[in-house]
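>>> how would this look folded up:
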Amino acid sequence: MTELIHVAMIGCGYIADHYVRSMRGYPSLRIAGVTDRDVDRAQRFGAFHGLPVYQSVDELLANQRVVIVLNLTNPRSHYIVSKTCLEAGKHVYSEKPLAMAYPEAKELVEFAEARGLHISSAPCSLLGECAQTMWKAVRENLVGRVRAVYAEMDDGLVHRMAYRKWFNESGAPWPYQDEFEVGCTMEHAGYSLTWLTAFFGPAKRVTAFSSCQIADKEPSIAPERLAPDFSVAAIQLASGVVARLTCSIIAPEDHGLRILGDDGMLYTPDVWRYDSPVYHRRWVTIRRRTLLSPLRKRVPMLFERGRKLAHDDRGRGIAELAAALAEGRESRLSARFALHVTELSLAIQQAGTSAGAYEMTTSFEPIAPMSWG
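Next up is the predicted model:
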């Protein structure tokens, strides 16, 4: 019989609906209740989803049945909320980033380790079918020795969209202030960085450039408070593979990832989607030129038996943490892995316009593929 793990949620904002929907697909997880600093919002959210509502974080943490706390608060609150939960003896799964400053993220990881607790962080798309399919193809040398990876994480001209009219099903607005002040790199680079580092080993060095190109994107936010809306990074990975990652909200939407090897290319159009197809194209030589074959083959998608393929499954990271606790092992999305991705994301975002090499200080143990992959 599957061990039931009680999970409580702190934060009932825009992304919370996605977590509730996907978590309910896992028999091992039970949502014990929710809370939010805005009590009225918590009440509306709880009523909408039929969930108990805690009146405060203290009340939530006092519940001895709660094993994991899901931290869905404002990014600037991630550190203090996660630290409070760890101090109460709870395991933590946090939305990205782990913290907004590297010393804070490092402190969380060391604090958890010293107390035998787990802290893990989104994104969890590495555990999805698309990532696992691509990773298996890499391990099986489908494209030969991998030399380089090109990754894009561009989201279009968000500042020209009707983002003030974006609401989730339970009525919470899209947090545009957080998005513009935290920045597209800290918010979204992790979707690519988790794949790159899991597939090809920890980053050793990164040379990056970042800039805020649109300083008047939101009238209510002073320009000096805006994060970079463009970044580009060249990353040297432990295996010798090099990668280039571009993040922006000024280029057309593109979440593609291309893995370039001696024998061809693996490609998926959207690392965000668990159901994004994986394609394979071979190098061919015609007369004096070598180029990719116009014929592409779809790599058979790996599936977790008995689970319906979804395009976005936020609950998978919490389910993985719960499984790790039940099995007495480290989570695939371990604390050290989350810390490494956080350090790398911060190095890219904070590079500024004086590009220079940043030597990484963190690492992590190799990650095991999913058992069905």
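
>>> Tell me how many other residues surround residue 341.
Residue 341 has 29 neighbouring residues, counting by other C-beta atoms under 10 Å. No exception for glycine: its C-beta is placed from N, CA and C like everyone else's.

>>> was I right about it contacting residue 192?
No. With contact defined as C-beta atoms under 8 Å, residue 341 does not count as touching residue 192 (10.0 Å).

>>> Give me the buried positions along stretch 310-329.
310, 313-325 (16 or more other C-beta atoms under 10 Å).

>>> Take the residues you listed and lay them out in a markdown table including distance to residue 180, pLDDT and secondary structure.
Shown next, in a markdown table, are the buried residues of stretch 310-329 (distance: C-beta to C-beta, whole Å; pLDDT from 0 to 100; DSSP: H, G, I helix; E, B strand; the rest coil):
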| residue | distance to residue 180 | pLDDT | secondary structure |
| --- | --- | --- | --- |
| 310 | 29 | 86 | coil |
| 313 | 27 | 95 | coil |
| 314 | 22 | 96 | coil |
| 315 | 28 | 96 | helix |
| 316 | 28 | 96 | helix |
| 317 | 25 | 98 | helix |
| 318 | 28 | 98 | helix |
| 319 | 32 | 97 | helix |
| 320 | 31 | 97 | helix |
| 321 | 30 | 98 | helix |
| 322 | 34 | 97 | helix |
| 323 | 36 | 96 | helix |
| 324 | 35 | 97 | helix |
| 325 | 36 | 97 | helix |
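
>>> quick one: furthest residue from the center of the protein?
Distance from the centre of the chain peaks at residue 287, with 43.9 Å (C-alpha atoms, centre = their mean).

>>> for that residue, phi and psi?
Torsion angles at residue 287 (phi, psi; degrees, to the nearest 10) stand at phi 60, psi -110.

>>> cool, the one 5 residues further on as well?
The phi and psi values for residue 292, taken as degrees, to the nearest 10, are phi -70, psi 140.

>>> Show the pLDDT at it.
Residue 292 is assigned 94 on the pLDDT scale.

>>> And for it, the neighbour number?
Residue 292 has 14 nearby residues by other C-beta under 10 Å.

>>> Kindly state the beta-bridge partners for it.
Under the criterion DSSP bridges, residue 292 forms beta bridges with residue 283.

>>> which non-adjacent residue is nearest residue 353?
residue 211 (5.7 Å; C-beta to C-beta, 6 or more residues apart in numbering).

>>> Kindly report the same for residue 124.
Nearest to residue 124 is residue 317, by C-beta to C-beta, 6+ apart, at 3.0 Å.

>>> pretty sure that neighbour is touching residue 127, no?
Yes. Contact status for residue 317 versus residue 127: in contact at 6.7 Å, counting by C-beta under 8 Å.

>>> Overlap in contacts, those two.
Common neighbours of residue 317 and residue 127, using C-beta atoms under 8 Å, 6 or more residues apart in numbering, are residue 333.

>>> what's the burial count for the residue nearest to residue 29 when sequence neighbours are not counted?
Leaving aside its chain neighbours, residue 29 sits nearest to residue 23 (5.1 Å; criterion: C-beta to C-beta, 6+ apart). Number of residues near residue 23 (other C-beta under 10 Å) recorded here: 22.

>>> Okay, residue 23 and residue 187: tell me how far apart.
Separation of residue 23 from residue 187 (C-beta to C-beta, to the nearest Å) stands at 21 Å.

>>> In three-state terms, label the spatially most central residue of the chain for me.
In the chain, the residue lying closest to the centroid (C-alpha atoms, centre = their mean) is residue 123, at 1.9 Å. Secondary structure, DSSP: H, G, I helix; E, B strand; the rest coil: residue 123 is coil.

>>> gap between it and residue 144?
Applying C-beta to C-beta, the value for residue 123 to residue 144 is 29 Å.

>>> Repeat that for residue 337.
Distance from residue 337 to residue 144, by C-beta to C-beta: 27 Å.

>>> same check, this time on residue 373
Using C-beta to C-beta, we find residue 373 at a distance of 21 Å from residue 144.

>>> Looking at these two, which is more packed in?
residue 373 (18 against 13).

>>> The more buried one reaches residue 137, doesn't it?
No. Counting by C-beta under 8 Å, residue 373 stays clear of residue 137, with 10.6 Å between them.

>>> Turn the buried residues of stretch 310-329 into a markdown table, including distance to residue 259.
A markdown table is the format used below for those (distance: C-beta to C-beta, whole Å):
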| residue | distance to residue 259 |
| --- | --- |
| 310 | 23 |
| 313 | 23 |
| 314 | 25 |
| 315 | 27 |
| 316 | 22 |
| 317 | 23 |
| 318 | 28 |
| 319 | 27 |
| 320 | 24 |
| 321 | 28 |
| 322 | 31 |
| 323 | 28 |
| 324 | 28 |
| 325 | 33 |
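
>>> So which of these is the closest to residue 9?
residue 318 (9.9 Å; C-beta to C-beta).

>>> Excluding chain neighbours, what is closest to the closest one?
That would be residue 93: by C-beta to C-beta, 6+ apart, it lies 5.0 Å from residue 318.

>>> just residue 66 next, same as before
Counting by C-beta to C-beta, 6+ apart, residue 66 lies nearest to residue 8, which is 4.5 Å off, once chain neighbours are set aside.

>>> So, low pLDDT: which residues of the stretch 201-350 of the chain?
For the stretch 201-350 of the chain, no stretch has pLDDT under 70.

>>> can you map out the strands along it?
Secondary structure of the stretch 201-350 of the chain (DSSP state E, counting those that start in this stretch): strands located at 203-211, 230-237, 242-248, 257-261, 264-268, 279-286, 289-292, 297-298.
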